[in-house]
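Novice: everything below, folded, please.
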Amino acid sequence: MIRRRLWKQVLAAMVLLLSLVLGLLILGYQHVTAINFGIYQNQRNRMVHHHMVGLLAKYYVHHGNSFIGVQSLLAPMSGLAPGPVEIISTHGHIVGGTTPPGPVLHAMRRHLPIQVGNHAVGQLVWSAAPHPEPLAIPVGFLSMMNHSLIMVTLIALIVAIILSYGMARSIVRPVETLTEAAQQIASGNRLESVNIARQDEIGALGDAFNQMVHHLQIQNRLRETLVDDVAHELRHPLTHIQGYLEAMLDDKIPLSKDHVTTLYHETQHLNRMVGDLHRLAQVQAGTMVLSQQWYALDAVVEQVITMLQPYASKTGGVQLEMEGARDWPKVYIDPVRTREILDNVVRNAIQHSRPGAWVLIRGTANDDCVQLQVQDFGEGIPLDAMPHIFSRFFRIDSARSRAKGGVGLGLAIAQHLVQRQGGNISVRSRIGQGSTFTLTFPRRTS
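Specialist: Alright, predicted model coming up:
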């Protein structure tokens, strides 16, 4: 109901605003018209008085330098004059006009000299009250003007209402579209973007809504993929455990230490997978708290080598070595999470190295960043696998990775943890020659 009334509210607001503007324009127009009409009347009166002075000067000359009988000249001019006028002689007597001859009225203050050549022969005087009333607009003219204003205002108001209705609908329609789409999302029906082809704030709102829908679609796909991946990854060890237990219950295999050890390794695999999934979910959701500080990466490398060398020796006699200088500049990192990153990358290198090979870790620094490179001399990564190397549960050789304890989450966790600290991770590889993973950490805190 509120949505349906919105366009009416917008239309009413526009019509009210337009009516107010038109009313103010009418009042202003009437006021300006009265002022301009008064100016026009004053200019016309001045021209009439000057014209009368010229006629009176000619009359004076043509009648032997006398104003005798001048009343006959003033009679036809009475309709032209804007008010009562008097002709004053040089002796100060009224010799003609619209009032009987007599003394000059004090209220008649305005005058123009009547000149013949360079000599004044009299004056034309007209009424000028000390506080004159404003010049009134003739009733006929005012009525015609008001009628025209009313007609123009009505036409303008009708056109404004039609245009306002269209504008109100154009503003409210995309809002209705967004509301309907948001209600569909809230009810869990579907995730669909909206088409709002506008280049204004409403268009920006539509773009933001579409971006939100796009992210929600991605999150839904990731969630569905994660559920499928977890179900797939759990199925193998659980099936393995279930098969062993059923065989033991049916007395098909003995309950020996070797079989219990196999089951124990499977439970370790499951426990490691659950822990990795939990960490990956924390990193992706942004809920993992980082304790960043200025720390030397070479110290992290030495700790990881010390921790993983026994595992590397047991896994095909792989040797770990740190190359290059040991005085790398400090970077702003979380040492614990960075050690976890390097642990995952180095473990991956150990698992894909040939027996007796080396895994080299070297560092370089410049003004902007410090880079760690982890190089192995294993079988390399196939070209078609490169885009998926940091994906969850991705393994080039699933059977081999499971045999070595891998769950396919280490590189995905490493990538997210590096990015959370403002860095990045990349890889280059050649089949038969090995792979090199490069970790880049910025030297700035921002």
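
Novice: so T440 sits right up against G422, yeah?
Specialist: No - judged on CB atoms under 8 Å, T440 makes no contact with G422 at a distance of 9.4 Å. C-betas here are computed from N, CA, C, even on glycine.

Novice: what's G410 in contact with, if anything?
Specialist: 276, 344-345, 347-348 (CB atoms under 8 Å, 6 or more residues apart in numbering).

Novice: give me the pLDDT for it.
Specialist: At G410, the model reports a pLDDT of 80.

Novice: helix/strand/coil for the residue nearest to A412 when sequence neighbours are not counted?
Specialist: Nearest residue to A412, sequence neighbours excluded (CB to CB, 6 or more residues apart in numbering): R392, at 4.9 Å. Secondary structure for R392, judged by DSSP: H, G, I helix; E, B strand; the rest coil, is coil.

Novice: could you pull up phi and psi at R392?
Specialist: The phi and psi values for R392, taken as degrees, to the nearest 10, are phi -60, psi 140.

Novice: residue ranges of the helices in this protein, please?
Specialist: 2-62, 71-77, 139-186, 201-249, 257-285, 297-314, 335-351, 398-403, 410-420 (DSSP state H).

Novice: mind giving me the packing neighbours of the second one?
Specialist: Using 3 or more CB pairs under 8 Å, 6 or more residues apart in numbering; DSSP states H and E as the contact definition, the elements that helix 71-77 packs against are helix 2-62, strand 94-97.

Novice: where's the longest one relative to the chain centroid, distance-wise?
Specialist: Pointing back at helix 2-62 there. With CA atoms, centre = their mean, to the nearest Å as the basis, helix 2-62 stands 45 Å off its chain's centre.

Novice: and what of the shortest one?
Specialist: From the chain centre to the centre of strand 94-97 is a distance of 82 Å (CA atoms, centre = their mean).

Novice: do stretch 260-279 as well
Specialist: 48 Å.

Novice: could I get the average pLDDT for it?
Specialist: 79.

Novice: pull out the buried positions in it.
Specialist: Within stretch 260-279, the residues scored as buried using 16 or more other CB atoms under 10 Å are 266, 269-270, 273, 276-277, 279.

Novice: likewise for stretch 384-395?
Specialist: 389-395.

Novice: give me the domain ranges for this structure.
Specialist: Following automatic domain parsing, the chain resolves into domains at 2-126, 196-289, 291-442.

Novice: deepest-packed of the ones you listed, please.
Specialist: domain 291-442 (a mean of 18; mean count of other CB atoms under 10 Å).

Novice: between the helices of the chain, which one is nearest to D367?
Specialist: Set against D367 and scored by CB to CB, the helices of the chain come closest in helix 297-314, at 15.9 Å.

Novice: just put the buried residues of stretch 260-279 in TSV and tack on distance to V374.
Specialist: Shown next, in TSV, are those (distance: CB to CB, whole Å):
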residue	distance to V374
E266	29
H269	24
L270	27
M273	23
D276	19
L277	24
R279	20
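
Novice: T364: which of those is nearest?
Specialist: Closest to T364, out of all of these and judged by CB to CB, is R279, at 28.4 Å.

Novice: I'd say the closest one and R420 touch.
Specialist: No - in this structure, R279 is not within contact of R420 by CB under 8 Å, at 11.5 Å.

Novice: any common contacting residues for those two?
Specialist: The contact lists of R279 and R420 share M288, where a contact means CB under 8 Å, 6+ apart.

Novice: partners of the residue lying closest to V427 once chain neighbours are set aside in the sheet?
Specialist: Spatial nearest neighbour of V427, chain neighbours left out: F437 (5.0 Å); criterion: CB to CB, 6+ apart. For F437, the beta-bridge partners under DSSP bridges are V374, V427.
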